[in-house]
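Trainee: let me see the structure of the following:
(one chain, ligands or ions: 1)
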Amino acid sequence: MKKMPVLLTFDVDGEMIWRCRDPENANRPVALSLGEYGIKCGLPRVLKTLKKFDLPATFFVPGFIAEKYPHVIPLLNDGRNDIGNHSYSHTYPDKFPSKEAEEEDYKKAQKILTEQLGWEPKGYRSPAWEYSVHSLDIIEEMGFEYASNMMGSDSIEYLDTSAVPGGRKSKIVELPIHWILDDAAFWMYSVRIVGKAMQPLESVLDCWCREFDGLYEDYMAEVAEKGDSDICFVLTCHPQIIGRPSRVSVLERLIEHMNGTGNVEYITAKTAVERFRARHEA
Ligand SMILES: [Zn+2]
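Mentor: Presented below is the predicted three-dimensional model:
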């Protein structure tokens with residue numbers, strides 16, 4: 001029987017998630033320490049959970065973070081996990097002054113990651129979960145196989161930006177994400193983010209379990225009807241957010257809930273893309 005694919009993805013942003021929101025945060029040690037927590041405490045806790053359940057995951061790492069914390073990539077690069085390009089500076093793509101500046105930033109990250117990994121990352125995740133008018137050209141020219149930024153589907157699809165002027169279809173495989181399956185939407189907190197409140201743990205667990213249940217039902221229905229399906233469950237977390245003790249317990253309970261079906265398979269982005277291409281390009 002076909003097993004429901006689950007992708008656990010982590011954006012190892014460190015302090016860059018705060019610096020990109022407000023350049024002044026570069027002068028605020030407490031704001032930066034929130035990000036540093038992710039590297040120092042959150043990531044080890046996430047890795048402990050993955051080890052406990054024996055699961056592979058996909059990590060997107062800004063080049064700046066790989067450079068500043070050279071122990072991070074070797075920790076993740078275990079031959080099983082996948083690691084993708086998350087830009088160098090975590091700048092929102094539409095904030096770059098030119099195509100050249102955006103390209104240079106991604107290439108800088110790619111060089112650092114490739115040197116540290118010993119292999120070249122094939123995936124790109126935008127720091128803002130948005131593309132600039134140049135992003136698609138750049139990631140195609142750089143030879144990326146997949147991206148994971150679009151919120152328009154429950155299924156893996158080819159990346160298509162035709163909704164905007166000058167947009168188009170591409171052969172880059174897009175792994176669907178959504179704010180509802182992102183820990184930052186529920187828990188990213190700072191007194192400077194107006195109106196933000198931390199959500200109760202049980203609410204987030206309930207939400208993620210119900211999202212999984214619905215997608216699982218649709219996946220199984222499609223498999224029964226067509227023999228296969230591109231529906232998948234993609235969770236996006238940040239070690240500095242999910243890596244608090246209380247929240248990592250939510251991740252563990254979600255994993256236990258999904259495992260309760262007896263019919264899920266945890267795969268990396270790389271594996272998901274290979275399977276998608278084998279199914280649609282054979
Ligand atoms: Zn990020």
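Trainee: for the worst-scoring helix or strand of the chain on mean pLDDT, what is the distance to the chain centroid?
Mentor: Least confident helix or strand of the chain, by mean pLDDT, DSSP states H and E, is helix 16-19 with a mean of 91. On the basis of Cα atoms, centre = their mean, to the nearest Å, helix 16-19 sits 16 Å off its chain's mean C-alpha point.
Trainee: buried ones in stretch 16-24, by neighbour count?
Mentor: 16-21 (16 or more other Cβ atoms under 10 Å). To be clear about C-beta, it is placed using only N, CA and C from the backbone, and glycine gets the same treatment.
Trainee: kindly report the same for stretch 59-73.
Mentor: Neighbour-count burial for stretch 59-73 [16+ other Cβ under 10 Å]: 59-67, 69, 72-73.
Trainee: what does that stretch contact?
Mentor: 9-14, 16, 39, 43, 76, 81-90, 108-113, 116-117, 123, 125, 127, 148 (Cβ atoms under 8 Å, 6 or more residues apart in numbering).
Trainee: same question for stretch 157-177.
Mentor: Contacts for stretch 157-177 (Cβ under 8 Å, 6+ apart): 7, 9, 129, 131, 133, 136, 139-140, 144-156, 230, 232, 234, 236, 269, 272-273, 276-277.
Trainee: which of the contacts of stretch 59-73 are buried?
Mentor: Buried by 16+ other Cβ under 10 Å: 9-14, 16, 39, 43, 76, 81-90, 108-110, 112-113, 116-117, 123, 125, 127, 148, out of the contacts of stretch 59-73.
Trainee: near the ion, from these?
Mentor: Counting by Cβ under 5 Å from the ion, 11, 13, 127 from these sit close to the ion.
Trainee: what bridges to residue 231?
Mentor: Beta bridges link residue 231 to residue 155, judged by DSSP bridges.
Trainee: and if you look at residue 84?
Mentor: In this entry, residue 84 is beta-bridged to residue 60, by DSSP bridges.
Trainee: my guess is it meets residue 120, correct?
Mentor: No - using Cβ atoms under 8 Å, residue 84 is not in contact with residue 120, being 10.8 Å away.
Trainee: contacting residues around the residue in the stretch 101-250 of the chain that the ion sits nearest to?
Mentor: Among all residues of the stretch 101-250 of the chain, residue 127 sits closest to the ion, at 4.8 Å; criterion: Cβ to the ion. Neighbouring residues of residue 127 by Cβ under 8 Å, 6+ apart: 13, 16, 20, 62, 86-87, 90-93.
Trainee: how about a cut-off of 6 Å?
Mentor: For residue 127, the contacting residues are 87, 90, by Cβ atoms under 6 Å, 6 or more residues apart in numbering.
Trainee: same question, residue 231
Mentor: 154-155, 215, 218-219 are the contacts of residue 231 under Cβ under 6 Å, 6+ apart.
Trainee: that older thread, mind listing which of the ones next to the ion among the buried ones among the contacts of stretch 59-73 are in strands?
Mentor: Of these, the ones assigned to strands by DSSP state E are residue 11.
Trainee: which ones are touching the residue lying closest to residue 243 once chain neighbours are set aside?
Mentor: Counting by Cβ to Cβ, 6 or more residues apart in numbering, residue 42 is the residue found nearest to residue 243 once chain neighbours are left out, at 2.2 Å. When contacts are counted by Cβ under 6 Å, 6+ apart, residue 42 touches 239-240, 243.
Trainee: same thing with residue 83?
Mentor: Contact analysis of residue 83 by Cβ under 6 Å, 6+ apart lists 59, 76, 121.
Trainee: could you rerun that using 8 Å?
Mentor: 58-61, 73, 76-77, 113, 117, 121.
Trainee: how about the nearest residue to it, chain neighbours excluded?
Mentor: What sits nearest to residue 83 in space, not counting adjacent residues and going by Cβ to Cβ, 6+ apart, is residue 59, at 5.1 Å.
Trainee: from the ion, how far out is that neighbour?
Mentor: 11 Å (Cβ to the ion, to the nearest Å).
Trainee: mind checking how far that residue is from residue 99?
Mentor: Applying Cβ to Cβ, to the nearest Å, the value for residue 59 to residue 99 is 27 Å.
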